[in-house]
Structure formats: C-alpha cells, structure tokens
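Novice: take a look and give me a structure for this.
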Amino acid sequence: MNFDISTHNKTSFHSTEQPSVLRLLSYNIQAAIGTSSFHHYLTRSWRHVLPDWRGLQRLDRIGHVLAHYDLVCLQEVDGGSLRSGFVNQVAYLAELGRFEYWYQQLNRNFGRLGQFSNGVLSRFVPYEIEDHKLPGLKGRGAIVAKYGNDKHTLVLVGLHLALSERARFRQLDYVRELIQHYEHVVVMGDMNCRSEQIIDTPLRDTHLMQVSGDHHTYPSWNPTRNIDHILVSPSLKINHVKVLDYDYSDHRPIAMEVSLPEALADALAEQSLIRSTSPN
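Specialist: Model prediction:
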C-alpha cells in the first residue's frame, strides 16, 4: 500500500539544510512501559494493558533523545490505546522532536487495549511511503520510505522481525525483493537476531554493510545481545555507530551517522524544498 506523504502526517517543521550527512537511529521503545529488569516482565506486566502516569515522562525523555537524529525507526510503539493514555506515541514523539513527517504502521490492532505499531520519524520529505505486512504470523511489518527522486533515491526500511528463525528468513527474503534494485538503502530495526545470523539470510545478496564489533542493545540494563541493527549500502559511508546508554525501554537505541554521495544529497535537499513550499 502506497501513500503520498505530502498530505499524510505533515507537521509545520521544515528542514533547510542540505542533508550531506544523515544521523540514523533505531529504537524499540516498548511503548514506554519502562522495563529495567527481567522480573519487571512479570511485576510490570499490567503496564501492557493499563496506563501508568510515568509512561508519559519516559516518552518525553525518549523524545529528547530522538531530537538529535534525522531518520528514526521505532518499534513497539503504541498508536493510541488505554495503556498509552490514548496518546499516539508516534505523533507525540514527532511533535516533541520537531520532525517534519511521521508515519505509523499498525500491525496488531486490539482496539482500546493496544495499538501495536512501527513508526518512522523524518526530517526530510519522502516522496513515497509503502506499508508492507511481512510473511509469517500476523503482526510483523515493514515501512519503506523513499527519498529524493526516481534517479537518485534513498530507500529506508524500518522493520520488526519475528522471533522464529524460519519466519525471519522468509521476512528478509521479502525485504530483499523490495530493495534489490536500489543503490542507496538503509535497513534498520529490531531484527531479533545477532549480526552473525544476518549473514546467513537472503540479505547477504544485497551487500548491505554492518559495522563489526559488539553493539549490544538487549537487555537495556545489562546488554549482552546485538539484536537491533542498522544496515546500509556500500554507497553510504559509515562515519560511526554507537549504542546509546539509555534505559527507558528493555532495548537500548542504536545510532549511526552516514555521509551521502553528493548527487543523492542534492536530490534529498531539492525534494524537501519542493514539498516544504507546497500549499499542501
């Protein structure tokens, strides 16, 4: 399903800088529930259904973290149900971080009891958004945002993969089909697998790069597993990668800075300028 983002989830904030360098962030925020120990999965399980007044405080803190980045992919965001105080967390974080555009993908709709979603926050204007349901059991999805123009396109894929290895393989095969014909690609999200496991999936055929080293994101209070990832095409120069030391969720956020080829940076700047001055 495709959306024209010029009339979808547009805010009043506009970027005027040429994006020669992009700051990327992926964060599973666990709906701002605030798990900081394994026993909290039991003792704070009620927060998955009922509101907690401290949740909005945690969301504010998360928003201040996101404000330093250009493209953000979120997982386990609530779209506005009882547990979040009927706050659409994607929209709230976009406003707090002064992002120009946001998109929410609803993957599990439990009505008033839960709006389980992925989200994208963006300082630059995508010319197209695609909403994909991933293979396997219902509830897993990918957001594809395309920036620039038809000649010079940056493709951003934000996703949350399954726990099952077999399901993840099918899902990444699906993602490979989506991105295989594009030169400039960023794939990021909670992939529920370690970096060495990604090598043995269909993504190996895309030549996407990941930074070596221990970038452990889970659990946030004592990270021992690197299951949140940012993968980029060889055309994008990786300047640095860092796991941020925040415990507002059971995952820590992972951040990357990349430099863009000049032609791609020009295309992003031109597209953002056109859409920002549009009467829509």
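Novice: helix or strand for the residue nearest to Leu93 when sequence neighbours are not counted, which one?
Specialist: Spatial nearest neighbour of Leu93, excluding adjacent residues (Cβ to Cβ, 6 or more residues apart in numbering): Gly63 at 5.0 Å. All C-beta spots, glycine's among them, are computed from the backbone N, C-alpha and C. Using DSSP states H and E, Gly63 sits in helix 54-66.
Novice: only alpha carbons, please: show that helix as CSV.
Specialist: Provided in CSV are the C-alpha atoms of helix 54-66 (Å, rounded to 0.1, in the frame of the first residue of the first chain):
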residue,chain,number,x,y,z
ARG,A,54,5.2,7.7,34.5
GLY,A,55,4.8,6.5,30.9
LEU,A,56,4.4,10.0,29.5
GLN,A,57,7.6,11.1,31.4
ARG,A,58,9.5,8.2,29.8
LEU,A,59,8.1,9.2,26.4
ASP,A,60,9.3,12.8,26.9
ARG,A,61,12.8,11.5,27.7
ILE,A,62,12.7,9.3,24.6
GLY,A,63,11.6,12.3,22.6
HIS,A,64,14.6,14.3,23.7
VAL,A,65,16.9,11.5,22.6
LEU,A,66,15.2,11.3,19.1
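Novice: helices and strands around whichever helix or strand comes after that helix, which ones?
Specialist: Using DSSP H and E, the next helix or strand after helix 54-66 towards the C-terminus is strand 71-78. When contacts are defined as 3 or more Cβ pairs under 8 Å, 6 or more residues apart in numbering; DSSP states H and E, strand 71-78 packs onto strand 21-28, helix 89-96, strand 115-122, strand 153-160, strand 184-190.
Novice: which of these sits closest to Ala255?
Specialist: Ranking the helices and strands packed on strand 71-78 by proximity to Ala255 (Cβ to Cβ) places strand 21-28 first, at 4.8 Å.
Novice: would CSV of the helices and strands packed on strand 71-78 with mean neighbour count and mean pLDDT be doable?
Specialist: Converted to CSV, the helices and strands packed on strand 71-78 look like this (neighbours: other Cβ atoms under 10 Å; pLDDT from 0 to 100):
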stretch, mean neighbour count, mean pLDDT
strand 21-28, 23, 98
helix 89-96, 23, 96
strand 115-122, 26, 95
strand 153-160, 25, 98
strand 184-190, 25, 98
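Novice: Pro223 is nearest to which of those?
Specialist: Ranking those by proximity to Pro223 (Cβ to Cβ) places strand 21-28 first, at 12.6 Å.
Novice: that closest one: how far from the chain's middle?
Specialist: Centroid separation between strand 21-28 and its chain, computed with Cα atoms, centre = their mean, to the nearest Å, is 8 Å.
Novice: hang on, the earlier thing: which other helices and strands contact the helix holding Gly63?
Specialist: strand 21-28, helix 89-96.
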